[in-house]
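# give the three-dimensional model of this entry:
(2 chains)
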2 protein chains.
Amino acid sequence: MIRVSVFYPNGPQAKFDMDYYCQRHIPMVQRLVGAALKGTAVEKGLGGAAPGTAPSYLALGHLTFDSLESFQASFGLHSKEIVADVPNYTNTQPIIQISEIMI
Amino acid sequence: MIRVSVFYPNGPQAKFDMDYYCQRHIPMVQRLVGAALKGTAVEKGLGGAAPGTAPSYLALGHLTFDSLESFQASFGLHSKEIVADVPNYTNTQPIIQISEIMI
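Okay, the predicted model is just below:
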């Protein structure tokens, strides 16, 4: 299994609309990607390791697929439409990482 | 529910021993933290969004707790012992983020 994670960096001017993300963006991704998408997770940054510190990321989004090929064949077909929606909920430049699930 | 995520940055000299992490470090954390730990996940970085690019993080570790208070009361008691084990599997400076699970 692989996980495609999107990290939305925190910063002085950074904005992230969690309601839009959870209620509009993620459902759109689920509809477009379809059965190849095996799981979805969303997290809201609260803080860093030390109490009172800011989180490195305002939000994290994770999509689980059976394989890299499955991700590319499903998400890849709709990536332009999905990426075009990003400015509707954030002004940040997200970091994307593809990982293999070990545990 | 909250998630404590540890991101191990990639870099020219960065090393990460995934076998040690999965077989020694994570089991130690589970044993020390006990029942307060509601879930564990480990991921190995494969790449970035574009094919052939390097991952931002060599590895990601995630611990799930019922609340921030539960994390602090359980992990907090053993944090020195847990942190002391980090040089046994990596030479990177991990980024720690605490997040609220939204989906």
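
# center of chain A, which residue is that?
The centroid of chain A falls nearest to residue A:61 when counting by Cα atoms, centre = their mean (2.8 Å).

# pretty sure that one sits against residue A:18.
No: assessed by Cβ atoms under 8 Å, residue A:61 is found out of contact with residue A:18, at 10.5 Å. In this view, the C-beta of every residue, glycine as well, is placed from N, C-alpha and C.

# scan the helices and strands of chain A for the one with the lowest mean pLDDT.
helix A:68-84 (a mean of 93; mean pLDDT, DSSP states H and E).

# does chain B sit close to that one?
Yes: residues of helix A:68-84 are located near chain B by Cβ under 8 Å from any Cβ of the partner chain, namely residue A:68.

# hang on, the earlier thing: which residues do residue A:61 and residue A:18 both contact?
residue A:42 (Cβ atoms under 8 Å, 6 or more residues apart in numbering or on different chains).

# show me where chain A dips below the pLDDT cut-off.
Along chain A, no part satisfies pLDDT under 70.

# near chain B, which residues of it? Just list them.
A:2-3, A:5, A:7, A:18, A:22, A:26, A:40-49, A:55-57, A:60, A:68, A:95-103.

# returning to that earlier point: you'd agree the residue nearest to the centre of chain A is in a strand?
Yes: Residue A:61: assigned to a strand according to DSSP: H, G, I helix; E, B strand; the rest coil.

# contact partners for it?
A:5-6, A:8, A:21, A:26, A:40-43.

# over to residue A:33?
A:63, A:74-75, A:78.

# buried ones only from the residues you listed, please, as a ChimeraX command.
This is the ChimeraX syntax for the buried subset of the contacts of residue A:33, where burial follows 16 or more other Cβ atoms under 10 Å in any protein chain shown:
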select /A:63,74,75
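
# tell me the one of the contacts of residue A:33 nearest residue B:35?
Taking Cβ to Cβ as the measure, residue B:35 lies nearest residue A:63 of the contacts of residue A:33, at 30.2 Å.

# wait, that closest one touches residue A:39, no?
Yes: using Cβ under 8 Å, residue A:63 is in contact with residue A:39, at 7.4 Å.

# quick one on the thing from earlier: redo the contacts of residue A:61 as CSV? Include secondary structure.
Listed next are those as CSV, based on three-state DSSP:
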residue, secondary structure
A:5, strand
A:6, strand
A:8, strand
A:21, helix
A:26, helix
A:40, strand
A:41, strand
A:42, strand
A:43, strand
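
# from those, keep the buried residues only.
Here, 16+ other Cβ under 10 Å leaves A:5-6, A:8, A:21, A:26, A:40-43 buried among the contacts of residue A:61.

# what comes up buried for the helix or strand just after the least confident helix or strand of chain A?
Following helix A:68-84 in sequence order, the next helix or strand is strand A:95-101 (DSSP states H and E). Residues A:95-100 are the ones in strand A:95-101 that count as buried (16+ other Cβ under 10 Å).
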